[in-house]
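> sequence and predicted structure, then a few things I'm wondering about:
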Amino acid sequence: METRNEVDIATAGLPHPATVAPRPKAVVCMTNHERPDCARINQEIIKLNYPEPWRIVHACSDTTYEPHMEDVLVRCQPRTIIYGALNLLQQSCRTAVEVYNPQYLVHVEADTWVFDQGIIQRYIDLLDRNPQAYLAASTWSTDQRPQWRRLHHPFAKVKLGLAKVAETVGNDFYVKRKQTLSTQFFIARNDPRFFTMIDSIQPTIENTLEYDFYQAFVREFGARAFIGIKEREPVHPLNRHWCPALTLHAQHWPEQLRRPTDVPADGTPREGVTGQYDIPGKKEVLAAYGFRNPGPAMRKLLESTDTSYYNPKAKRY
């Protein structure tokens, strides 16, 4: 296991690819801030349970984190949420190229687990067959219909009726934020222009990183140069925290919680409430999937009757 410190992206220039023969097909670029327990289990899923061995480059801004099963650990300085997420992404991807120079970079945030490697392989195969595409990702979109249903307003009912008709002819006007790309999970072709693109991103605080990522990608490659991960569309609200079709699990809560009596079950937005009362937690989905080779971090969560230890500094919603 190798440990590195972050580089200054502003002055580092493009990464210097390692000379490796044969080049690995893919390397996992994992990013982590204050979710150490998720990172450890994610590494155990990949290292102990994926049929095809993949290297892991882990960029981490948690100063207390101790190495686990990653191949390279890149220690990064903590930053504000958007700048920090972008820096971790940049550091993990460039280190993967400089150490392994794979054909593809599989980026996952530490709390985003994809149980079935075959699903990722399928999108890598699609990129192989479409050399004009440089990225496979979902958007970061939102289906507005659940919100309209809660409004109980005549105009909202009209929009719901129009949406029902539009859906039959393939029109999804009810989905907003379609001009975004998920930074939580994507697969990128290892190309110098990809690094020119991500290193050029200047976060705009009034938008999201997913919006800025999309804008930078389209400027560099064009609007048709990515393959959409359709199983997750639209992302919000139903596919944000988990997407069974992708075996993707990004819940922030280690176990599903009992709903308090003062929290309505109709999905009304409320501070501190997302899906922790409706969606199984990480413990439940691990138990249901039944990995053959659970590592120590996975076993600890599965066997624990008190999950307060889990990602103690991170939000659970």
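Noted; the coordinates are in hand.
> if I look at A216, how far off is T204?
A216 is 11 Å from T204, where distance means Cβ to Cβ, to the nearest Å. From N, CA and C alone the C-beta is placed, and that goes for glycine too.
> looking at the two, which has the bigger crowd around it?
Taking other Cβ atoms under 10 Å, A216 and T204 do not tie; A216 has more neighbours (18 against 12).
> roughly how far does that one sit from E210?
Shown here: A216 relative to E210, a distance of 11 Å by Cβ to Cβ.
> can you list residues touching both of those two?
Common contact partners of A216 and E210 (Cβ atoms under 8 Å, 6 or more residues apart in numbering): none.
> quick one, domains of this protein?
Residue ranges for the domains of the chain, per automatic domain parsing: 2-140+178-303, 142-176.
> make JSON lines from these and add distance to N311 and mean pLDDT to it.
Below are these laid out as JSON lines (distance: least, Cβ to Cβ, whole Å; pLDDT from 0 to 100):
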{"stretch": "domain 2-140+178-303", "distance to N311": "5", "mean pLDDT": "97"}
{"stretch": "domain 142-176", "distance to N311": "26", "mean pLDDT": "82"}
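> need the winner for burial among these.
The highest mean neighbour count among these, using mean count of other Cβ atoms under 10 Å, belongs to domain 2-140+178-303: a mean of 18.
> run the chain-centre distance for it.
The chain centre lies 4 Å from the centre of domain 2-140+178-303; the measure is Cα atoms, centre = their mean, to the nearest Å.
> now the helices: where do they sit in the stretch 101-250 of the chain?
117-129, 145-151, 154-168, 192-200, 209-221 (DSSP state H, counting those that start in this stretch).
> ok, which of those helices comes nearest F185?
Among the helices of the stretch 101-250 of the chain, helix 117-129 comes nearest to F185, with 9.0 Å by Cβ to Cβ.
> which strands or helices does that closest one pack on?
strand 104-109, strand 135-137, strand 185-189, strand 226-228 (3 or more Cβ pairs under 8 Å, 6 or more residues apart in numbering; DSSP states H and E).
> which of these sits closest to R129?
strand 226-228 (9.8 Å).
> all strands for this protein, in order.
2-5, 26-32, 55-60, 72-75, 104-109, 113-114, 135-137, 142-143, 175-176, 185-189, 226-228, 242-243, 248-249 (DSSP state E).
> let me see the contact set for F195.
By Cβ under 8 Å, 6+ apart, the neighbours of F195 are L14, P15, C93, R94, V97.
> quick check, central residue of this structure?
Computing the C-alpha centroid of the chain and ranking residues by Cα atoms, centre = their mean puts Q184 first, at 2.2 Å.
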